[in-house]
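[1] build me a model from this:
(chains A, B, C and D)
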Number of protein chains: 2
Amino acid sequence: MEALSARHIKVLKAVVEDYIHSGEPVGSRTLSRSPRFQLSSATLRNVMADLKESGFLCQPHTSAGRIPTDLGFRFYVNNLPAFAAVSSEARRQVRDRLAGSGGRLEEVLQDGVFTLAQLTPYVGVVSLPDFRQMVIRHIRFVKLHERRILTVIVSVSGAVQNVLFESETVFSQDQLNRFSNYLNALLGNLTLSGIKRMVLQEMASDKQGYDELFAQVLALSRSFFAQDPEQQSDVMLDGKLNLLEHPEFADVERMKEIFKTFEEKGSILKILDGALGGEQLRVIIGAESCCREMRHCSLVTAEYGREGRSLGRVGVIGPTRMDYSRIIPLVNYIADAMSRRLQK
Amino acid sequence: MEALSARHIKVLKAVVEDYIHSGEPVGSRTLSRSPRFQLSSATLRNVMADLKESGFLCQPHTSAGRIPTDLGFRFYVNNLPAFAAVSSEARRQVRDRLAGSGGRLEEVLQDGVFTLAQLTPYVGVVSLPDFRQMVIRHIRFVKLHERRILTVIVSVSGAVQNVLFESETVFSQDQLNRFSNYLNALLGNLTLSGIKRMVLQEMASDKQGYDELFAQVLALSRSFFAQDPEQQSDVMLDGKLNLLEHPEFADVERMKEIFKTFEEKGSILKILDGALGGEQLRVIIGAESCCREMRHCSLVTAEYGREGRSLGRVGVIGPTRMDYSRIIPLVNYIADAMSRRLQK
DNA sequence: CGTTAGCACTCTTTGTGGTTGAGTGCCAAC
DNA sequence: GTTGGCACTCAACCACAAAGAGTGCTAACG
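    Here you go, the predicted structure:
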């Protein structure tokens, strides 16, 4: 509990780094053989015993070496001196992939997680922005059948949302086209929630003397918003299979647990966006996520956005034994590249 | 190789059914204890030896019981006497799920695979129809930025495709709206390939004296089709985790292999739609799929469609040791329910 | 001639005990 | 404070035995 001496810190760092590389519990003799220490294994044992006492290290069983606890990793990450630079090969791959596709929001996000899954042995993850908060460029109503109408909404970033709803009366496609045009002319720089607010206000004001077209557009919009586009936000994952390569997930039960969590997405989203957030970079280690199923995983995420507005977070999910010194700069780099790409 | 006697068939059937239930190799004594046989284990052993000779059964090792080969399962499926009726509970779940959603093509497909994944311990799978073969209801061009144009295409079944492309010249959204309207008026009952063919023909005919609008629409369409919407067709999977429950996939390597195949989707698609097909119901057992990674899996699929036209196949992927007598009727039922739902 | 009981044999599975080796904790000496 | 030494713990490995399931074969039976 008392402050760590420089030696304690040095040993902790060595243990963490060794463990990140080998995946095996690291013993005092292994350390003492390393050229970075001139100490005997006995001395190191004493230091390691202290670190265990303070909760930075633990042992799988009495006669095994030490492995870092979440707290140990946390200390390591917070005091990490040297980040590895992003390799030029990695930079190239990121650039190529992002430049190669259309540049629609969904495509950029997909490219981001894909590249992360390629460049790391972990899972790429990105949270999609809440569609209702996006600035809308275009709305179009398409008549499918009788009163069934498909709404196609395009955001300025090229994200597309489709919502099906039933109108109260039957309209012809011609009428719907006129409605769409009318609405688009009004659009300006509104978000979907902005539009909803506007529609509700207008309806509430209830003043007479609207022209009929406007009244009809209002009615239609109301039926549309009654449907309330439920799919508010979402996460995309790529490279789940990467996790299978790590010995810590060789246990089928543990793996099942994590994959189940991936399927649900809700809890991942909560972990990603949940924290009151805003930090450019965030590292969540093991149990810090407060998600039981994720207690053996770490997340490294960074914010991406467009024109200064944050859209979501992109990053990586892997075992707590993650190569933080390489991953942190990489995630930063990709988030940055994605933001720039979205700026167009 | 010579024809199977009635007794051989009865024994084969018993072995298959026992194995489907237990997952363990089945021995002669187990069978002789069953009330359906009045024979001693020695007699059964002789019969089983014959079946092994003919390739219907095999042994994991000399002192183990027999398990059916792909050929054994094939014989069983082809000569399966009694299908289990689809339980009323299952029918209810299918109906509820399908009635609950909007009825757009994608939603119906998603509901289908979801329900399959719920009702069976296997993976639900469905192939999406080639978008280019769908009858188009509506096309809309949305200006995103300068010459970057987003095309939104809606099929009569409510499927939506978004394609981004660059036009040769800059158009205003107003112009694009006029183009869209013009094109929609022409649409009739054309598929996307139909439209493409038409556009190319018109361009080739090269006659002068078009009105200018038509010429512009042609030019724009050409840039669009130059992009050639690559995402021709696709598959949707649900319930991959179900597979983890089966002992035959406890081996991490085998599982990795299969999950990798799932990610790629291409090979799944090939297996689904690949065969020159057309049968309402199809059962593919183990190596019959000619896909190395799928050699331990069986597929049971059925055709779904709309207005007499086949759109794709829906079904289930599971271990060759699959409960065919229950699954086959269920897949049939769901394919039928989906087709009816799509009919609207 | 089909059917059956019996028997020897094979091969996996399970358990046991011993050995090895890595690693620890503690103590006494430097 | 550091180090060497020593007793102790515990997982991992191996060899070996015993059990059990199942087979193939043969001889006898109705």
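
[2] drop to CA atoms for contacts and neighbour counts, all remaining ones
    Noted.

[3] what is the burial count for residue A:135?
    Other residues near residue A:135 come to 20 when the count uses other CA atoms under 10 Å in any protein chain shown.

[4] at the contact with DNA strand D, which residues of chain A appear?
    Residues of chain A found near DNA strand D (CA under 7 Å from any atom of the strand) are A:38-40, A:42-43, A:61-63.

[5] and those residues, which of them are in helices?
    A:42-43 (DSSP state H).

[6] may I see the residues of chain A next to DNA strand D organised as CSV, with pLDDT and distance to residue A:266 added?
    Shown next, in CSV, are those (pLDDT from 0 to 100; distance: CA to CA, whole Å):
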residue, pLDDT, distance to residue A:266
A:38, 85, 50
A:39, 88, 49
A:40, 87, 50
A:42, 92, 48
A:43, 93, 48
A:61, 90, 35
A:62, 89, 39
A:63, 88, 40
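
[7] and the residues of chain A next to DNA strand D as TSV, adding neighbour count?
    Converted to TSV, the residues of chain A next to DNA strand D look like this (neighbours: other CA atoms under 10 Å in any protein chain shown):
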residue	neighbour count
A:38	10
A:39	14
A:40	13
A:42	12
A:43	12
A:61	8
A:62	8
A:63	8
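
[8] which pair in the residues of chain A next to DNA strand D spans the largest distance?
    A:38 and A:61 (27.1 Å; CA to CA).

[9] I'd like to know which of the residues of chain A next to DNA strand D is nearest to residue B:321.
    residue A:61 (40.6 Å).

[10] leaving out chain neighbours, which residue sits closest to the residue nearest in space to the middle of chain A?
    The residue lying closest to the centre of chain A (CA atoms, centre = their mean) is residue A:126, at 3.4 Å. Counting by CA to CA, 6 or more residues apart in numbering or on different chains, residue A:126 lies nearest to residue A:314, which is 4.1 Å off, once chain neighbours are set aside.

[11] measure the one you found to chain B for me?
    Using CA to the nearest CA, to the nearest Å, residue A:314 is found at 21 Å from chain B.

[12] residues near residue A:138, how many?
    Neighbours of residue A:138 (other CA under 10 Å): 23.

[13] got it, and residue A:4?
    Residue A:4 has 13 nearby residues by other CA under 10 Å.

[14] now do the SS call for it.
    Classification of residue A:4 by DSSP: H, G, I helix; E, B strand; the rest coil places it in coil.

[15] ok, it to residue A:24 distance?
    According to CA to CA, to the nearest Å, residue A:4 stands 24 Å off from residue A:24.

[16] residues in contact with residue A:285?
    Each residue near residue A:285 by CA atoms under 8 Å, 6 or more residues apart in numbering or on different chains is listed here: A:70, A:73-74, A:297-299, A:320.

[17] let's go with 6 Å and repeat that
    residue A:298 (CA atoms under 6 Å, 6 or more residues apart in numbering or on different chains).

[18] may I have the beta-bridge partners of it?
    Judged by DSSP bridges, the bridge partners of residue A:285 are residue A:298.

[19] how far away is it from DNA strand C?
    Separation of residue A:285 from DNA strand C (CA to the nearest atom of the strand, to the nearest Å): 23 Å.

[20] same question for residue A:311.
    Counting by CA to the nearest atom of the strand, the gap from residue A:311 to DNA strand C is 46 Å.

[21] please report phi then psi for that residue.
    phi -110, psi -30 (degrees, to the nearest 10).

[22] wait, it sits on residue A:131?
    No: if you go by CA atoms under 6 Å, residue A:311 and residue A:131 don't touch, sitting 9.9 Å apart.

[23] mind checking which of those two has more residues around it?
    A side-by-side neighbour count of residue A:311 and residue A:131, using other CA under 10 Å, places residue A:131 first with 24 against 19.

[24] poorly predicted segments of chain A, please.
    Scanning chain A for pLDDT under 70 picks out A:1-3, A:206-210, A:228-232, A:275-277.

[25] residue numbers of it in contact with DNA strand C?
    A:25-30, A:41-42, A:45-46, A:48-49, A:62-66.

[26] please redo it, this time with the cut-off set to 6 Å
    Residues of chain A lying close to DNA strand C (CA under 6 Å from any atom of the strand) are A:26-30, A:42, A:45, A:49, A:62-66.

[27] got a quick PyMOL command for the buried subset of these?
    Buried members of those, defined by 16 or more other CA atoms under 10 Å in any protein chain shown, are picked up in PyMOL with:
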select buried, chain A and resi 26+27+28+45+49+65+66
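
[28] I'd like to know which elements the lengthiest helix in chain A is packed against.
    Counting residues, the longest helix in chain A under DSSP H turns out to be helix A:324-343. With contacts defined as 3 or more CA pairs under 6 Å, 6 or more residues apart in numbering or on different chains; DSSP states H and E, helix A:324-343 has these neighbours: strand A:297-306.

[29] excluding covalently adjacent residues, which one is nearest to residue A:281?
    residue A:302 (4.4 Å).
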